[in-house]
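1. Give me coordinates for this.
(one chain, ligands or ions: 1)
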Amino acid sequence: MKLTIQDACKSYEGRPVLEQLCLALPGKGTVCLFGPSGCGKTTLFNCIAGLEKLDSGAILGMEGRRVAYMFQEDRLLPWINARENVEVVLRHADEKQAQKWLEAVGLGEDGDKRPSELSGGMRQRVALARALAFGGDVILLDEPFRALDPKTRLRMEALVQEHSREALKLLVTHDREEAQFLADQILYLEGPPLRIVRREFPSDRRNDA
Ligand SMILES: Nc1ncnc2c1ncn2[C@@H]1O[C@H](COP(=O)(O)OP(=O)(O)OP(=O)(O)O)[C@@H](O)[C@H]1O
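-> A predicted model of the protein is given here:
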């Protein structure tokens, strides 16, 4: 089902971050959000996820849809190990399944380590494994590859591309090539207040070329 953002308004301390924002998103596929720091992308994600409430307007099409959210920070639980951090989001606790996800992000050997024993890039990959393992209908990824070296980054991009094909994946990136590689649709943004200055459909463009 399509996701429709209708006249969304959200202000902080009198400063509008979302102002009468209207946006129609497809039911599935990858939409990359490309825009400068502070333009309001995270605020939009928080409103879609229901963590922040709009001042007015509506987000339609979220009824009954499960949301996975990979935040800019890893937000791992510090008192349990990497494998358990993935296991907590599985419908049925399953250590083997959690281990498979860790292997998919290249951390098969690190499952017993607590977040404090992992590097920033490793923690980010555990957070990515957790978001994909949850298997939501809407998957919000806020700069998911930021702390990664180029080779690992490519591997993680491929992982995101191949999983959850029936979900709507919304991905914030500051990397043009990454957006071109992953996206069915790229939204170029400015703000605050957040506005869409351009929409691009990379695969269509390739077909036209
Ligand atoms: N809880 C809050 N209280 C006050 N101001 C906020 C709050 N959250 C966001 N803002 C402000 O809203 C604006 C948009 O912030 P937001 O985090 O949504 O931007 P962003 O595009 O995700 O930026 P970045 O790429 O740096 O994460 C910024 O000016 C920010 O200071």
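2. got the phi/psi numbers for the closest residue to Leu148 other than its chain neighbours?
-> Computed as C-beta to C-beta, 6 or more residues apart in numbering, the closest residue to Leu148 that is not its neighbour in sequence is Gly121, at 5.1 Å. Where C-beta positions appear, they are placed from N, C-alpha and C, glycine not excepted. The phi/psi pair for Gly121 (degrees, to the nearest 10) reads phi -70, psi -40.
3. what's the neighbour count on Gly121?
-> Gly121: 16 surrounding residues under other C-beta atoms under 10 Å.
4. Check the gap between it and Leu23 for me.
-> 32 Å (C-beta to C-beta, to the nearest Å).
5. lowest average confidence, helix or strand, in the chain?
-> helix 202-208 (a mean of 60; mean pLDDT, DSSP states H and E).
6. Was I right to think Leu171 contacts Val31?
-> Yes: with contacts counted by C-beta atoms under 8 Å, Leu171 reaches Val31, the gap being 7.2 Å.
7. in which helix or strand would I find the residue nearest the centre of the chain?
-> Central residue of the chain (C-alpha atoms, centre = their mean): Leu141, 1.2 Å from the mean position. Using DSSP states H and E, Leu141 sits in strand 138-142.
8. And Leu54, by the same measure?
-> Going by DSSP H and E, Leu54 is not in any helix or strand.
9. Same question for Asp74.
-> Counting by DSSP H and E, Asp74 is part of no helix or strand.
10. and the residue nearest to Leu148, what does it touch?
-> With contact taken as C-beta atoms under 8 Å, 6 or more residues apart in numbering, Gly121 is in contact with Ala147, Leu148, Asp149, Thr152.
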